[in-house]
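Participant: sequence and computational prediction follow.
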Amino acid sequence: MTPLRPALLAFVSLVAASARADPDAVVRAALAAEARLDTRQALTLFQEAVAARPGDAFLQQKLARQYSDLMVELPTREEQRAAVAQALVHSRRAAELEPRSAENVLSVAICLGKLGVLSGTRDKVRYSRELRAEAERALTLDPGYAWAHHILGRWHHEVAELSGTARLVVKLFYGGLPGASHAEAVRHLGRAVELEPGQLKHHLELGLALAGAGQPGPARAAIQRGLEMPSREKHDEAAKARARAVLESLAAAS
């Protein structure tokens, strides 16, 4: 060990102890880690912050977001499901603490959607019903919340895309799903674009919904607009990959 090593370790320990003594410093460090997309570091710091302030709805929602974002970094479905299940616990806690917060309520819907992807048919249907209810509740709390429109629009698109056979199976064995339509998908996602024109995922999902609604020209334009925007957030590249696949299928069909 070099002579500087013990001094460096002592300094790091001192900094860590100082952060623990100042919860606000931990939160600032957590927010900085989140901003640079360092999900694991943000997760560790928000865990510490929540341990110090368990009744803080903002911190509970932020911790839920880190568990949710961590999903894309985990190698197995079991690990992914465990992370999203933890996200749901903290998002529900945030919504309990601040039930009038549209963001907290929508966080529950987002976690339910991710759990649905990782679940069997029975749970998938149950989570889908709950997702719609929570997204609609978020929209009632804040009609101008772009992400509530986004999630509800995406729900309509994905359910409307189910085949007739799939719908029959869901109805016969799992009680069915609420009605969904391509028109509602386009309406909600179009509204999300109007509210947040600088958010690329709104444009991409609108393009996918327009494609499902049989409007290839507008679909290509919306997808291309989203693809031209720079990726800045955790899931931007994954959203672009989905959209590129639809764009290629539209090109092949023309």
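Facilitator: Nice, thanks for sending it over. Just so we're clear, the structure is a prediction, and the values are computed from it rather than from any experiment.

Participant: OK, contacts around the residue lying closest to Leu74 once chain neighbours are set aside?
Facilitator: The spatial neighbour of Leu74 that comes closest, neighbours along the chain excluded (Cβ to Cβ, 6 or more residues apart in numbering), is Gln80 at 4.9 Å. All C-beta spots, glycine's among them, are computed from the backbone N, C-alpha and C. For Gln80, the contacting residues are Met71, Leu74, Leu118, by Cβ atoms under 8 Å, 6 or more residues apart in numbering.

Participant: adding secondary structure and pLDDT as columns, could you present those in a markdown table?
Facilitator: Formatted as a markdown table, the contacts of Gln80 follow (DSSP: H, G, I helix; E, B strand; the rest coil; pLDDT from 0 to 100):
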| residue | secondary structure | pLDDT |
| --- | --- | --- |
| Met71 | helix | 94 |
| Leu74 | coil | 96 |
| Leu118 | coil | 95 |
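
Participant: and those residues, which are buried?
Facilitator: Met71, Leu118 (16 or more other Cβ atoms under 10 Å).

Participant: which one of the contacts of Gln80 is nearest to Asp24?
Facilitator: Met71 (28.6 Å; Cβ to Cβ).

Participant: can you tell me the closest non-neighbouring residue to that closest one?
Facilitator: Leaving aside its sequence neighbours, Met71 sits nearest to Gln80 (Cβ to Cβ, 6+ apart; 4.7 Å).

Participant: how about the helices in the stretch 51-200 of the chain?
Facilitator: Here the stretch 51-200 of the chain has its helices, by DSSP state H, counting those that start in this stretch, at 57-70, 77-97, 102-117, 121-141, 146-160, 164-174, 182-195, 200-212.

Participant: out of those, flag the one nearest Pro218.
Facilitator: Smallest distance to Pro218 across these (Cβ to Cβ): 4.8 Å, for helix 200-212.

Participant: and the average pLDDT for the closest one is what?
Facilitator: For helix 200-212, mean pLDDT is 98.

Participant: now do stretch 83-103
Facilitator: Stretch 83-103 comes out at a mean pLDDT of 98.

Participant: doesn't Met71 make contact with Ile110?
Facilitator: No: Ile110 is beyond contact range of Met71, at 11.0 Å (criterion: Cβ atoms under 8 Å).

Participant: mind listing what His182 touches?
Facilitator: By Cβ under 8 Å, 6+ apart, the contact list for His182 reads His156, His157, Ala160, Ala209, Gly212, Ala213, Gly214.

Participant: out of the contacts of Gln80, which is nearest to Ala64?
Facilitator: Minimum distance to Ala64 across the contacts of Gln80 is 11.8 Å, recorded for Met71 (Cβ to Cβ).
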